[in-house]
Structures are given as structure tokens and as C-alpha cells.
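> Okay, here's the prediction I keep looking at, along with the sequence it came from:
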Amino acid sequence: MVVIDAHCHLSKGRGPVELLIESMDAAGVDKAVVFGSGAAKDPAIDNRFVAEADEACPGRFIPFAFFDPRYEEIGLEEVEKYLKDYGWKGVKVSHQHAVARFMYPMMEMAESYGVVVVVHSDHSIRNHPYIIGDIANSFPKVKTVILHMGGGTCFDSELLSTKMAVKNDNIYLETCYSNPYAIKQAVETIGADRVMFGSDSSNGGYGSRFDKPGDYMDLMLDAVRFADITDEQKKAVLGDSTAKLLGVDA
Amino acid sequence: MIVDIHAHIGHHPLMDFKQTPEEILSAMDRFGIDVTFVMPFPSMKIQTVNDAVAEAVKNNPGRLVGFACIDPMADGAPDEIERIVGLGLKGVMLDPEFHRVFGRDAPHPKVEELMVPCMDQGLPVLFNTPNIETADHASFIVGGISEPYYKSLDQLAFKFPDVRLVVNPHWHRIRDLMKEHSNIFVDTGGRNGIGSGVRLAQDASPTRVCFGSESPQNHPGLGIKNVRTIKVSQVYKDLVLGRNAERIFRDLL
């Protein structure tokens, strides 16, 4: 069974790439979708860092371009460079910017390249699952992932994310910070092939608050393992769903 | 001994969260939890939901400890406290957001009045709350709810020092409140992804933080693993998982 983490950050200055690899190895994660974190002042710095990491660790990462709408058309050019020249499979939208006006031209670009868009969610009016649902509804051909399915902030936001996914076939949910209850509900409502394991791990960050490398990622894996769903559904959530969405080997 | 001081029974009236006593007991067996404090979700059907908790406790002595949901704004709230004590329940849960009991600068006078029978009966009061900073973020009320929550708890703790007040680790200015009032305790409920409750134990008050899963919104197995793997001293982990609750709530066990 392949295990793919659909939500990891690589950010220059946070720590060596090996920190993330170490966590992946300890937790039994085969591959990780990786993108910048917004910690770097210029998203170009993190995008370059991700590209270098992908080259240094072949087969371990699935890189996405980091999009910061504050940079307007320059931010779009930065994204297009990686979609066009590097063939990356997705775009990550920076925090707090799901409502930015440059989201729309970015979504048009994503549609034209046939790539996935992943968006941070929380309970605020800038990143609420309903906001992401509205964007996804405007671009039904763009596969859109609600990162941590609204969870991590408020209990009901996970359930609202699932509601958005019911209304929009192009919405996928990623599980980090969510709990087995919400994951079970999502799987039973929209199907396991639209629910993807993720941890929000990075080359530093939350993982460093735990005793050993991989502890944090393993905790996020347990949210899926503890869910009262079938083994087949768990297999899908832990890796097959992401592999299918992104067209990588499972 | 592992004690979970915060779990709900029933069906949430606003959100589609539900849990039966059997599901709680099953999780207790699976994850080695000795005792769980069970309470209803917030409700306007107070007697019905409290009766359900009383029934669960009666059927599982020694394993479940019951808390009642009380709406301080309802007529007869003190009478309901007397009734639930008669049913064998040993604590009170208030939900300030659901029952709208905190004003801008102080708790509603009825909340303060309710503290008196709690004090007389030795009932701890657990506040079932959202992550307040998050609620602030989403609030349509200018200024949010952070400061009123801080002020209200500050006043209650000061005026009723003999009542044990339990809140989640995301309560606004919780570290200040714990330094100021020895009758404020924390359960590790709220979102448990990165162990904020356990770190609060290490940083602010090792002896007044207790494991609380806040299931079913959170998962007890994940909560325990979170405590066990977060980077704090093993001594604090043991305190949080059970020793603190054994000491603080000895009279309930």
C-alpha cells in the first residue's frame, strides 16, 4: 500500500529538507505533495527551494507551485513558470487569500493546464469552506482541494467542508487536524476517492514540537487509521485517492 | 490511571455530531481510559438530555461520571441543579455561546447566581466553548468575544473561589487567568492537533491541566497519543493523563 501525504511544506530557512524526509521515513510515508509555506518573503524563493528538493530526492516529492495573490500578475507568472517549464501538477494558494481577485485568473490558468488547486481553509471569512466552495463552483473543471477540510480551527467547519464537497464534484478534502469522526462522515458522504490524507508537516514546524521525528505525521495518520471505515476506504484515503487525482503511481 | 474529563453523549442540536454511551465505553476499552466524565451537548431540552446522562452513569458505575447541562437563563435553573444532584450527576456544564450568558464586560447575573448552588453542592463547572480566538475571527460582533470571555471568567473565579471552573486551553488569556486564580483548571479539549493543552501544562500550570478528549468532536485515542508524543517532560504527561484529575476531582471518582 502506498502512503502519500497530500499536504507538506518546504520552506527555505526553516530547516534542511532531510527533516521532512526523516519524518516521512519514520512514519512510513512514501511520497509527499510539497509546496512553499509563505514564510519566505518572496514565493519565488520557496518555489525554487521546492524544485531543488525535488531534484535532490527523486521519487519522494510531488511539487506544487506556491501562489501568492499579493504579487498580482507577477505571482501568476511565477506559477506559470512551474506549470509550463517544470510540469508541476498543482498550485497552492497562500493563507488568507482565497478571496483575492487574482484567484480567478489563477483558476483560469489552472484549468488551462489541467492542474489541481489546493487552498488553506479555516473558520474565517477569508478561508471559510463556503468561500472555497464558491470558487470551485465557478471553475467546475478545476479539481480543488480544501486543505485540512476546514478543521484545525472549529469543529463544524469540517462538516461544512463536506457539505461543499457534496455540492461540487470537483472538491476534494484533505484530512490533517481533522478527526476520525469527520473523516468517516466525509468518506461515507462523498466517497473515499475524494478524501486524502495530509499532515501539514514540513522541514521543521509542528513536527519539532514532538518527541521524535515522524511522531506528528504519525498522529495525523492515526486520524485516518482510527476512523470507523473499511480497510479499502483507508487505503484510498492514505494514498490511492491522491495518486489517482495527481496521476502518480500507487 | 487515565481519566478523560470531557466527552459528550447525545446528538448536537446544531451540528451533526452524535455519540452513544456504548461508543464512549468502546473507546475507553480500546485506549485504556479508566474513567470518563460524560455530559450532554448544549441543549434547550435540558431535562431530557440530563436524564440521558443520568441513565448512562447509572448503568456504568465507576466508569462514567455525569455532568449536567444547565441553561442559566432558564427559569428554574437552580431547581434543575437540585434535581440532577438527586439523579447522581456530579458536575455542571455551561455553554456560554449556546446559551448566550456572557455579556460584554461580565457574566449575566444569573450565571453568578448559579454558582451558589454549585458551591453548596461541590459541583465543578465546565465551560463548553469553541476555540475562542477562532470564534473571534468568525464573529460578526465588533470586538469579538475574547475580552468578554476573559473578563467573565476572571470575575467568576474571583467571586467564587471555592468552585472549580474548567475551560479549554484556547480560552482567551488563559495563562493570565491561571496565574491569577487557583480554581481555574483546563481540559485539553478544543482542537488537539498540536498539543496546546499539554504545552500549557508545561509552561503555565503542570498540576491543573487534565486530559479531556471533547469527543466526539475530537477523538480520545488521538488525544492520548498527542499527550504521549508531544515534546514535554514525561512527568507532566502523567499528570495530564490522569494524576491531576485523580487529585482535583477525587470526590467525583
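That came in fine, so what should we check first?

> buried sites along stretch A:221-236?
Buried positions in stretch A:221-236, judged by neighbour count with 16 or more other CB atoms under 10 Å in any protein chain shown: A:221-227, A:229, A:233-236. Where C-beta positions appear, they are placed from N, C-alpha and C, glycine not excepted.

> of all the residues you listed, which two lie farthest apart?
Using CB to CB, the two most remote members of these are A:222 and A:236, lying 16.9 Å apart.

> quick one: contacts for residue 101?
Unless you meant another one, I'm taking chain A. residue A:69 (CB atoms under 8 Å, 6 or more residues apart in numbering or on different chains).

> Chain B, not that one
Contacts of residue B:101 by CB under 8 Å, 6+ apart are B:72-73, B:94, B:107-108, B:110-111.

> coming back round to it: which of the buried residues of stretch A:221-236 come close to chain B?
Restricting the buried residues of stretch A:221-236 to those within reach of chain B (CB under 8 Å from any CB of the partner chain) leaves A:222-223, A:226.

> Considering these, which is situated nearest to residue A:202?
Looking across those and measuring by CB to CB, the closest to residue A:202 is residue A:223, at 17.9 Å.

> what sits up against the one helix or strand that closest one maps to?
Using DSSP states H and E, residue A:223 sits within helix A:215-225. Counting by CB under 8 Å, 6+ apart, helix A:215-225 makes contact with A:3, A:5, A:23-24, A:26-29, A:175-180, A:183, A:197-201, A:206-207, A:209-210, A:234, A:237-238, B:193-194, B:219, B:221-222, B:225-226, B:229, all of which sit outside it.

> 7 Å instead, please
A:5, A:23, A:27, A:29, A:175-176, A:178-180, A:183, A:197, A:199, A:201, A:206-207, A:210, A:234, A:237-238, B:221-222, B:225-226, B:229 (CB atoms under 7 Å, 6 or more residues apart in numbering or on different chains).

> In helices only, show me these.
A:23, A:27, A:180, A:183, A:234, B:221-222, B:225-226, B:229 (DSSP state H).

> quick one: which of those residues has the most company?
residue A:183 (30 neighbours; other CB atoms under 10 Å in any protein chain shown).

> ok, and the closest non-adjacent residue to that one?
residue A:227 (4.5 Å; CB to CB, 6 or more residues apart in numbering or on different chains).

> That neighbour contacts residue A:182, correct?
No - counting by CB atoms under 7 Å, residue A:227 does not reach residue A:182; the two are 8.8 Å apart.

> Name the nearest residue to residue B:160, sequence neighbours excluded.
residue B:115 (4.3 Å).

> how far away is the one you found from chain A?
27 Å (CB to the nearest CB, to the nearest Å).

> again, but for residue B:100
18 Å.

> which non-adjacent residue is nearest that residue?
In space, residue B:100 is closest to residue B:73, 7.2 Å off (CB to CB, 6+ apart).

> pLDDT weak spots in chain A?
Within chain A, the ranges that satisfy pLDDT under 70 run A:152-155.

> try 90 this time
Scanning chain A for pLDDT under 90 picks out A:13-14, A:38-43, A:70, A:94-100, A:122-128, A:150-160, A:177-179, A:181, A:204-211, A:249-250.
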